[in-house]
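S.K.: Below are the sequence and a predicted model; questions follow.
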Amino acid sequence: MQSREDTANKVLQDTDAVLIPSSNDGRIISGQGIISLEFLEQASEIDTLIVPISGGGMISGVALAAKAINPAIRILAAEPMGANNAFQSKSNGRITKLSEVNTIADGLRAFLGDLTWPIVRDLVDDVIIVDDKEIIQAMKLCYEILKIAVEPSGAIGLATVLSDGFRKNPFYSECNHIGIVLSGGNVDLGVLWNSFDK
């Protein structure tokens, strides 16, 4: 993350460009709300949305739009065990940054920001964490059954629904019509094939 920020700052200085953060920005949050609109226009019976969480931009937009349409809808965040800052933040009641992250879901290594945290705190009903093996299995199912290439960060929602932590928790027993965000196809195939062998 530090390397990314340093590189971005250098580009900004060299080009007078304007940086739009990948998650902690009102424009990003607003744009991500379209995901909820598309889900609920196509399947209005959805009672639960499961969304990957990292910096919180996507889930913030999804939560704001979905809860505006249907205040009773559940918004569940899917987070990798090795980068579970959102889970810890919700547990601690404040933004909690990790000193180290370690997950195959490299798109989910960012931290919540000052704009996304209050939305996640107030509108995300729960954060469910899964391990990398569960994420890899969900990717495999996406390839084998859905015939789509989904990166680890995008497959985490499916991993969450298939996890024991979700299926055996009575809190989720009323989740009957679930929408799962599967996003991103940036897959390093060498890493992917090696992970399937584990």
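M.R.: Received it, and whenever you're ready, just let me know what you need.

S.K.: From now on I want contacts and neighbour counts done on CA atoms only, so please keep to that.
M.R.: Fine.

S.K.: Walk me through the regions of the chain where pLDDT falls short of the threshold, as ranges.
M.R.: 1, 187-198 (pLDDT under 70).

S.K.: Residue nearest the middle of it, spatially speaking?
M.R.: residue 52 (1.4 Å; CA atoms, centre = their mean).

S.K.: gap between that residue and residue 60?
M.R.: 11 Å (CA to CA, to the nearest Å).

S.K.: How about the residue nearest to the centre of the chain: which residues does it bridge to?
M.R.: residue 78 (DSSP bridges).

S.K.: what's near enough to touch it?
M.R.: By CA atoms under 8 Å, 6 or more residues apart in numbering, the residues touching residue 52 are 58-59, 77-79, 108, 153-154, 156-157, 181.

S.K.: Ok, residue 24 next?
M.R.: 55-57, 112-116.

S.K.: ok, now residue 45?
M.R.: residue 177.

S.K.: what's it sitting at in phi/psi?
M.R.: Main-chain dihedrals, residue 45, degrees, to the nearest 10: phi -80, psi -10.

S.K.: Could you pull out the helices in the chain for me?
M.R.: Ranges of helices within the chain are 2-15, 26-32, 34-42, 57-69, 85-92, 116-123, 132-141, 152-162, 164-167, 189-196, based on DSSP state H.

S.K.: count of residues packed around residue 90?
M.R.: Residues within reach of residue 90, counting by other CA atoms under 10 Å, total 19.

S.K.: Could you do residue 164 as well?
M.R.: Applying other CA under 10 Å, I find that residue 164 has 11 neighbouring residues.

S.K.: got it, and the one 5 residues further on?
M.R.: When neighbours are counted by other CA under 10 Å, residue 169 registers 9.

S.K.: what's the answer for the one 5 residues further on, then?
M.R.: The burial count assigned to residue 174 is 9, neighbours taken as other CA under 10 Å.

S.K.: how much space is there between it and residue 89?
M.R.: Residue 174 is 25 Å from residue 89, by CA to CA.

S.K.: so how far does stretch 81-94 reach from one end to the other?
M.R.: End to end - CA to CA - stretch 81-94 spans 19 Å.

S.K.: how about that stretch: buried residues?
M.R.: 81-90 (16 or more other CA atoms under 10 Å).

S.K.: which one of those is nearest residue 142?
M.R.: residue 81 (20.6 Å; CA to CA).

S.K.: Does the closest one touch residue 131 like I think?
M.R.: Yes. Counting by CA atoms under 8 Å, residue 81 does reach residue 131; the two are 5.1 Å apart.

S.K.: Would you mind saying which of the helices of the chain lies nearest residue 48?
M.R.: helix 57-69 (9.7 Å).

S.K.: How far off centre is the closest one?
M.R.: 12 Å (CA atoms, centre = their mean, to the nearest Å).

S.K.: what sits up against that helix?
M.R.: 22-25, 28-37, 40, 51-53, 73, 75, 77, 116, 119-120, 123-124.

S.K.: Tell me the buried residues within these.
M.R.: Here, 16+ other CA under 10 Å leaves 23-25, 28-30, 32-37, 40, 51-53, 73, 75, 77, 116, 119-120, 123-124 buried among the contacts of helix 57-69.
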